[in-house]
Every structure is written in structure tokens, then in C-alpha cells.
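[1] Any chance you can model this:
(one chain, ligands or ions: 1)
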Amino acid sequence: MFDNPAFDGHETVVHTYDQNSGLCAIVAVHNTQRGPSLGGVRAWTYANATGALTDALRLSRAMTYKAAMADLPLGGGKAVLMLPGRGAKTPGMFEALGEMVDGLGGRYIAAEDIGSTPDDMKRIAARTRHVTGLPLAAGGRGDPSPATADGVFAGVAATARAIGRDLCNLHVTIQGLGNVGFGLAARLRAAGARLTVADIDRTAVRRAVAELGATVVDVRDIAAVEADIFSPNALGSVLNRQTIAQLKVAAVAGAANNQLATPEDGEFLRARGILYAPDYVLNAGGVIKMCADYFGWDDAAVRSRIDGIGDRLEAIFAEASRRSEPTSAVADRMAEARFQPPRLLARTG
Ligand code: NAD
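    Prediction:
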């Protein structure tokens, strides 16, 4: 693990195997200086254990930056649950994971993520109190996606202002019409924006056409459509040398985690004159809501922090412009001013 390129001085990384349920899981706690680490449980079929570990290391680190930038009393963590095959998760796996989380004594708070649901969080809650995102019926606040879509909408609005456009005459291309992407599309449409969309799910696409009057393009073409803003809401690493070269937009602003394939792609975007709204600043609405859920904050506290996303982006854009730096580098520095990033000592082998 210490040789894994994604290792960043993580405080704790533990794995568990539960014979009864077949659970194979890794929990990575990146940093707890600001508070307990919070992060989703990603239930996914990985090609091998190294891929799962790398995902846990990268995603938990990103959560530290996201929580710090949103000024939450949280650190970054993540759990990956390695499924033997798509859809093969069982309630027993989440109960066993709950036991493991409980053993961490509150250093890691489990939450929903790709492949896990509020009902799965209920299973974890059967074994530990260190979990958030429970279903409404179980006393939780349910799906965090609407809060994420609210935050991304605030971020797209701030990005539009920065490129000198109004929402009512903005053209946005949207990649991915899932829980967040569709919610964002609906909010943008209500504000008067024009939408071009792409998704591998034909039902989602048909709904966007029928309900939002969106124009549809093939998923392979969405990054090359001429528009004001490209909004990635599906996959990570979507901004790489190839796609950035194709972009015909003034800015990129979306919810997908880890949009930059490499840190250097932030500079590549800047060199092309494309304003990049750093993903973890924009998509913090969900973690804000989960944090509120865990600590018992009221709706007004959630609202004010989500509204703050636009202000934080404006500060990043201004600093990046002043220093001629990529917005991604400026955001990382601002986040790191709010916690002590680990200093990795050179290993002598
Ligand atoms: P989701 O699974 O509900 O939606 C993803 C959508 O992308 C689906 O409709 C899927 O069909 C589509 N898709 C997959 N591959 C595609 C491709 N090649 N081209 C176009 N569309 C494709 O996920 P979500 O909850 O809406 O999250 C979207 C992104 O935002 C993810 O990267 C997620 O990690 C990130 N995010 C989500 C939240 C949240 O609260 N849900 C919070 C922070 C970040």
C-alpha cells in the first residue's frame, strides 16, 4: 500500500473479510484533523484488489479536500465494498461492514455512494451509530442528490457570471442525467438555460427531451458540442488530453468526482482559455447535507452552506486569474490552508 501512487499519508487503511456474508471491503481514512472522516460506501466490481485500494485512497483524499473547502467539521474517508459481480450485494455484507465501522470508534462515518442506497445505510446502522444518509422512514434525511444538484446549480450560475453570461441565455451541455445531472438540468431549464444532453440511459434522455425540451447528442459527441458550459455529471477522468482538445466551451462545471484525469490537465484547460470550476467545490451539497444529518443541524445551516458554494468559486476564479494559475491548483491550496496536509518522507527502500 505504501508504494501505491495514490497513497498520500493516509492515517488509517483497514480491510475486512467476513466469511459469513462474503464481504471484502477496504476503509481508508485520509485525514481527521478537522473532525471524523466521512465518505460514501462504494459498492463496485473491481478487476482486482489493487484497483479497489487505489479507489479508496483517491476518493478518501478527495473527501478531505471537499469537507475542508466546504468548511465542515469533517475529514475525508471512504469505504469500498468489492462485489463479486454486479448486483450481488447482500444485506449481510452491509451489516458486517457496520461492525467494522463500529470498530473504528467514530474515525470513519459511512454514507451512501455509487452502488449503495439509504436502505443499505440502515443495515450498517444496525451495527453502528457512525453512519448517515438513512431513509426518511428511518429518521434520516434520505437521498443527498437534490442537495448536490442545488450546489452544482449554484456553481454553474457563478461560473456563468465569471464568463459574462446570464442563465437565461446560457447553453449548457450535460453529460449524464442521473440523480444529480437530471436535477441540475431541471434547475437550469427553470432558469431559462438551453440544454444539450447525452446519457447511455435512453429513458433518462427521453425524459429530458419531453420534460425539459433538451437537444440530444450521442454520448461520444457531447464533449465536442459548441456551448457556453460543459457539465460532466457521469464519470471521473472525463477531462483528459483528448477531451480537453475537443472542447468548444468557455467553461466546465459539473458534479462528477475526479474530473481531471491528471493534475496537469488543470493547466491544460487554463492554457486553452477554458475556466474550470473544481469538482469538489461544486459538488459539496451532498456531503453538507450528510454532515448536517450526522450532527443534527437544521435546514437553514444546510442552505447557507450550499449557497456559499458560488462565493467560494468566485474567490477561486479571482485568485487563479490574479496569479495566472489553474483553478484546480488554487482550490487545492485553499483547501490545504484549512488542514495540515501530510508530509510524505522519501522512502529509502
Ligand atoms: P447516477 O448514477 O445517478 O447518474 C450517473 C448517470 O450517468 C446515469 O444516468 C448514467 O446512465 C450516466 N452515464 C454513465 N456513463 C455515461 C457516459 N459514458 N456518458 C453519458 N452518461 C453516462 O449518479 P449521480 O448520483 O447523479 O452522480 C453523478 C456524478 O456526480 C458521479 O460522478 C458522482 O460521483 C458525483 N457526485 C454525486 C453526488 C450525489 O449526491 N449523488 C455527490 C457528489 C458527487
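
[2] which other helices and strands contact the one helix or strand residue 335 maps to?
    Secondary structure assigned from DSSP states H and E places residue 335 in helix 327-336. On a contact count with 3 or more CB pairs under 8 Å, 6 or more residues apart in numbering; DSSP states H and E, helix 327-336 meets helix 49-69, helix 264-271, strand 275-276, helix 279-282, helix 299-323. In short, each C-beta sits where N, CA and C put it, glycine included.

[3] Ramachandran angles for residue 233?
    When read as degrees, to the nearest 10, the backbone of residue 233 gives phi -130, psi 30.

[4] ok, how many other residues are close to it?
    Each residue near residue 233 was counted by other CB atoms under 10 Å, and the total is 27.

[5] My guess is it contacts residue 188. True?
    No. Between residue 233 and residue 188 there is no contact under CB atoms under 8 Å: 11.5 Å.

[6] Residue in this protein with the shortest distance to the ligand?
    residue 178 (1.7 Å; CB to the nearest ligand atom).

[7] coming back round to it: pull the residues that contact the helix holding residue 335.
    The contact list for helix 327-336 (CB atoms under 8 Å, 6 or more residues apart in numbering) reads 64-66, 68-69, 260, 263, 266-267, 270, 275-278, 280-281, 315-317, 319-320, 323.

[8] List buried residues within those residues.
    64-66, 68-69, 260, 266, 270, 275-278, 280-281, 316-317, 319-320 (16 or more other CB atoms under 10 Å).

[9] Just give the nearest non-adjacent residue to the residue nearest to the spatial centre of the chain, would you?
    The residue lying closest to the centre of the chain (CA atoms, centre = their mean) is residue 257, at 3.9 Å. In this structure, residue 257 finds its nearest non-sequential neighbour in residue 236, 5.6 Å apart by CB to CB, 6 or more residues apart in numbering.

[10] what's near enough to touch the one you found?
    Counting by CB under 8 Å, 6+ apart, residue 236 makes contact with 256-259.

[11] Of those residues, which is the most crowded?
    Counting neighbours by other CB under 10 Å, residue 259 leads the contacts of residue 236 with 29 neighbours.

[12] residue contacts, that residue?
    With contact set as CB under 8 Å, 6+ apart, residue 259 has these partners: 232, 236-239, 252, 279.

[13] one more time with 10 Å, if that's ok
    232-233, 235-240, 243, 252-253, 265-266, 269, 276-280, 282-283, 328 (CB atoms under 10 Å, 6 or more residues apart in numbering).

[14] the strands in the stretch 1-150 of the chain, which residues?
    Applying DSSP state E, counting those that start in this stretch to the stretch 1-150 of the chain gives strands spanning 12-18, 23-31, 37-44, 75-82, 108-111.

[15] Can you lay out the ones you listed as a markdown table showing distance to the ligand?
    Below are those laid out as a markdown table (distance: least, CB to the nearest ligand atom, whole Å):
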| stretch | distance to the ligand |
| --- | --- |
| strand 12-18 | 21 |
| strand 23-31 | 16 |
| strand 37-44 | 8 |
| strand 75-82 | 11 |
| strand 108-111 | 10 |
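
[16] near the ligand, which residues of this structure show up?
    114, 144-145, 148, 175-181, 198-201, 204, 219, 233-235, 255-257, 283, 286 (CB under 6 Å from any ligand atom).

[17] could you flag which of those residues are buried?
    144-145, 148, 175-177, 179-181, 198-199, 204, 219, 233-234, 255-257, 283, 286.

[18] The residues you listed in strands, which ones?
    Using DSSP state E, 175, 198 are the members of these that sit in strands.

[19] Please narrow the buried ones among the residues of the chain next to the ligand to those residing in helices.
    Cross-referencing those against helices under DSSP state H gives 145, 148, 179-181, 204, 286.

[20] what stretches of the stretch 1-150 of the chain score poorly on pLDDT?
    86-87 (pLDDT under 70).

[21] about what we covered before: dump the residue contacts of the residue of the chain closest to the ligand.
    Residue 178 touches 114, 145, 199, 201, 204, 233-234, 255, counting by CB under 10 Å, 6+ apart.

[22] got it, and residue 278?
    65-66, 69, 155, 252-253, 259-260, 266, 312-313, 316, 320, 326-332, 334-335.

[23] what's the answer for residue 224, then?
    By CB under 10 Å, 6+ apart, the contact set of residue 224 is 173, 217, 230, 243, 245-249.

[24] List only buried entries from those.
    For those, buried by 16+ other CB under 10 Å: 173, 217, 230, 243, 247, 249.

[25] can you tell me which residues contact the last one?
    For residue 249, the contact set (CB under 10 Å, 6+ apart) comprises 163, 171-173, 223-231, 272, 274-275.
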